[in-house]
Each structure stands twice: as structure tokens, then as C-alpha cells.
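J.: model the following, please.
(4 chains)
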Number of protein chains: 2
Amino acid sequence: MSDQEKLIEQLFDSEDDLTEKQKKIIIAAIESFAEKGYASTSTSEIAKKAGVAEGTIFRHYKTKKDLLLFIVAPMMAKLLAPFVIKDLNKVLNQKYDRFEDFLRAMIENRLKFLNNNMDLFKILIQEIPFQPELKEQFKEHIVLKVYDRFKQIVEHYQEKGQIIDLPPTRVIRMAASSIFGYLIARNLIFPEVDWDDETEIEETIRFIMHGLSPKR
Amino acid sequence: MSDQEKLIEQLFDSEDDLTEKQKKIIIAAIESFAEKGYASTSTSEIAKKAGVAEGTIFRHYKTKKDLLLFIVAPMMAKLLAPFVIKDLNKVLNQKYDRFEDFLRAMIENRLKFLNNNMDLFKILIQEIPFQPELKEQFKEHIVLKVYDRFKQIVEHYQEKGQIIDLPPTRVIRMAASSIFGYLIARNLIFPEVDWDDETEIEETIRFIMHGLSPKR
DNA sequence: TGCAAAAGTGAGTGATTACTCACTTTACAT
DNA sequence: ATGTAAAGTGAGTAATCACTCACTTTTGCA
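T.: Modelled structure (predicted):
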């Protein structure tokens, strides 16, 4: 599978100044943080799992929180990156005549990414409420950049008469709720169910499209 | 406001064998757990905030986790209780001819409850992934009891031809995603925005109704 | 090959943790 | 008023915490 799109591997490839032991530390930290939570994971535990002396962790990361941020910050950036590309909407407008097509492409792309990086996503949403640095990054990225793009896209399809004429915030929230609702149900609440991804996604798109349809 | 429906107060009223100091401990614990997370809150901190000796906490709760469970378990029970009432659906079927009316009543009722108990809700969703006891309670309540009731209700309105003929799991997930999406956006992600609850709720209902409409 | 810088080590640090216990204070039935 | 059980206390405990540092090993370049 070439489109595995595992963020950790990308990170390891791009920053090739990372030692083998450093990689093991990161992998161990992600595993433990996702399983027991950041606050309940001790550095000695991470060292043990990584097969490394505890001092080695602090050689590379000044504090435990530094390690968390090093792991989680790229996740947020990569997760939101596709929506911040400068001329995203130009490309999209040519490519996707219908809002439905845009929605399908976006869901397939981002849902795959999230499915491949669930541990990181889990850590991210768990820690955003408690880490001011993360909260700030989140607001800055989401509110300022991603929202602006989405707003343009929504308004574009509203002008075309394809979706209902509501404030873009509301339109985005409703669509996002449906998508994240599926993601969370599938991976976090009922991971043991064997989901038929294709139909679930198609039905979710149908739900959003009908919900946002301009017809009375 | 008589319908404040603050769970803590209810708890204090029903279990009147609680001392003043015990109540202060619980209030302090809820505040700290919601603000910094369960694992990052120390018992000495709770004692200090409650104006109580640390030993007093352990006189009433064997462990720190016992305190958490004492606080959070009633939340889950009360949150889901209205859906487990035995003849809920009979009452509903007489009262609410249209699915939309049922939806509106349910949202108003439960959203009010959650808005009045956001701290507890926050602690609950934060800790469910890490506390096996809570996870078990959650699955038992949700999957076995609440889902069964909802399934009956959905099927009832499906037979009436009011909503689309999809597996009830999917219908419930889509409606729940939209409702919780609003709740979380409103209280946890953008609490500083001054939300127009009435219109937001009406629009959310509209979105769900259109999304679940049986028309092609 | 030599050598300096970087990576890795693990015993040791003081602070903090959840929890205990011998003791004092309070509440309340008789 | 008196006795007793429950409530409350806070110094004390061992364990664990994140982090340090003097030291050894590895790496890569001259």
C-alpha cells in the first residue's frame, strides 16, 4: 500500500537527522499516550518501552511536554494542510461542478488520512483542551485559515444554488459534525464492528446533501 | 430558574447523608477535573480547594478513582435515564405524531440538561476512554438499553413513512452526530461566541429532517 | 588514525504523589 | 450529661515523578 500515508513515517523520512533511538522513543510515546493518556504516562515507562535510557529522552526533548508537542504539532499541520493551499478553491471549482463531488473527494482524502493516524488524532483531541499551546495552534489554524477557505467554497456552491443559503459557519458545522461523527463512531466508540466504509460514507454524503439541499 | 436541573444539587438533595465537607470536596473535584483533567489533578489540590484536610477525602473515598466514579457514574445514569423509561415509546407515539416533534422535544430536554452540567459531561467524555469501569457502563447503558429504545422509535416513524428506510444504527448516528456536534461546538470549541440557541437548534432539526427525509 | 562533537547512559536529585493512621473533634441517641 | 460512633485532621510514608549530570560510547570528518 503506497498511500498508507502514515504521518510518523513521513516525519521519519523528512527529518532524517533522527536517530534510531529517537524514532523508537517517538513510537513508544505515541503508543502510550494514546493508550493511557499523556498525564498518566511516565517518562520512565516510555524509556522502557523504547528500550532506551531515560536520560536519552531528555537529551532530545527538554521536557515531557516538548515531546508531546513534537509529536502532535505536525499532526495538526498535516491534517489541515490540504485546506490551506492557496489556490485550492480555484482547482476545486474547475474540478468539482457539484458540491457533492467536492464533499466526496474531501471525505475520502481526509478520512483515509485520519484512519491511518488514529493514535495521533486521539492524542490530539484528548490534549487540546489541556495544552494552551495546542489550543492556540488549533484556533489559529482552524478559525483563521481553514474556516476562510471553507467559507469561500460554501459561498461558491451557494451562489450556484446547490446548497441552502445559511451562514457558512452553520453549514460547515453540520457537515463536519456528520463526518467526524462517523469517524469517531467507527474508530473510537465501536471499533469492533466491521464497518462497510463505502456505503457508510455514501450514506453520510447523502445525508449531508439532503440536509443542506436548498429545496423546501 | 426552577428547571436548572443541576445534577450536583440533585445528588446533594437525594443523598442527604452527605456532610458539608463532603459536598465541598465533590464541588472542588468536579471543578479541578474539568479544568485540568483527572490525572493531572492531585488529591492535595482538591483538599486545598475544598478547604479540607487531605485525610478527609480518603475517609469517604477509598481511592482517587473512587471519587471520580462517584462523581461521574450518576451523570451517565441521569443523562440516559429518560431513554430507558419502560413505556417511553407508548407515551411518545401518542404525543408526537411527527418525528420532528419527537426530535425537538428530545433535543430541548437533553440539551438543557447537558448545558447545565457541562463540567460533568466534559469529565465523562474525557475519562471514558481511560477508565474501563466507565467504558463498560457506557456500553451497557448505550448499546443495550438506549439503542433498543431508539431503534423502536426510529422503526415506528419509518413505518409511518416519515423518515428514510435505513438501518436504525445509521439513522441514530447521523441524528446524534448533528446534535452532539452542536453541543460540542457551542460549549467546548467556541464557548466565547454568543450563540442564538433557538435558531441553531431549529436549523439543526431542519438539517436532520431533510437529511433523513424519505423523498428522493 | 585521531579527535571533537553528538548520542547515549543510569545512578542520583528534590519534589510530589496517593494514601495511612493515631489522634482530636463533632453529632446525637440515651 | 454521658458515651460512642462517625467525621475530621495533618504529619508521616514509601513510591514514583520529571529531570540532571558526570561519564562512556558512537559517529563522522580531517
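
J.: what residue ranges in chain A score low on pLDDT?
T.: A:1-4, A:15-16, A:86-93, A:216 (pLDDT under 70).

J.: got the domain ranges for it?
T.: Taking automatic domain parsing as the reference, chain A has its domains at A:3-60, A:68-212.

J.: tell me which of those domains lies nearest to DNA strand C.
T.: domain A:3-60 (1.9 Å; CB to the nearest atom of the strand). In this view, the C-beta of every residue, glycine as well, is placed from N, C-alpha and C.

J.: ok, that closest one near chain B or not?
T.: Yes. Contact between domain A:3-60 and chain B, assessed by CB under 8 Å from any CB of the partner chain, occurs at A:36-37, A:39-40.

J.: ok, now stretch A:200-216?
T.: Yes. Using CB under 8 Å from any CB, stretch A:200-216 comes into contact with chain B via A:200, A:203-204, A:206-208, A:210-213.

J.: nearest to residue A:154 among those?
T.: For these, the closest approach to residue A:154 (CB to CB) belongs to residue A:212, at 9.2 Å.

J.: is the residue nearest to the spatial centre of chain A within a helix or a strand, and which one?
T.: With distances taken as CA atoms, centre = their mean, residue A:79 lies nearest the centre of chain A, 4.1 Å away. For residue A:79, the element it lies in under DSSP states H and E is helix A:64-80.

J.: show me which residues of that helix are buried.
T.: Neighbour counts using 16 or more other CB atoms under 10 Å in any protein chain shown place A:64, A:67-72, A:74-76, A:78-80 of helix A:64-80 among the buried residues.

J.: mind listing the helices for chain A?
T.: For chain A, the helices defined by DSSP state H cover A:7-14, A:20-36, A:43-50, A:54-60, A:64-80, A:88-95, A:99-116, A:118-127, A:132-139, A:147-159, A:168-184, A:197-211.

J.: from the chain's centroid, how far away is the shortest one?
T.: Spelled out, that is helix A:54-60. 28 Å (CA atoms, centre = their mean, to the nearest Å).

J.: contacts for that helix, please.
T.: Helix A:54-60 is contacted from outside by A:21-22, A:25, A:43-44, A:46-47, A:50, A:67, using CB atoms under 8 Å, 6 or more residues apart in numbering or on different chains.

J.: cool, the longest one as well?
T.: The contact list for helix A:99-116, computed with CB under 8 Å, 6+ apart, reads A:3-7, A:78-79, A:82, A:92, A:95-96, A:121, A:153, A:157, A:160, A:162-163, A:175, A:179, A:182-183, A:187, A:201, A:204-205, A:208-209, A:212.

J.: give me the neighbour count for the closest residue to residue A:130 other than its chain neighbours.
T.: The shortest distance from residue A:130 to any non-neighbouring residue, by CB to CB, 6 or more residues apart in numbering or on different chains, is to residue B:37 (5.3 Å). Residue B:37: 22 surrounding residues under other CB atoms under 10 Å in any protein chain shown.

J.: what does residue A:38 give?
T.: Residue A:38, neighbours per other CB under 10 Å, totals 23.

J.: what does it show for phi and psi?
T.: phi -60, psi -50 (degrees, to the nearest 10).

J.: ok, now the one 4 residues further on?
T.: The main-chain torsion angles of residue A:42 are listed as degrees, to the nearest 10 and equal phi -90, psi 150.

J.: can you check residue A:194 too?
T.: According to degrees, to the nearest 10, residue A:194 has phi -90, psi 100.

J.: and it, how far from residue A:186?
T.: Distance of residue A:194 to residue A:186, given as CB to CB, to the nearest Å: 10 Å.

J.: of those two, give the one with the bigger neighbour count.
T.: Counted by other CB under 10 Å, residue A:194 and residue A:186 do not tie: residue A:186 has more neighbours, with 19 against 7.
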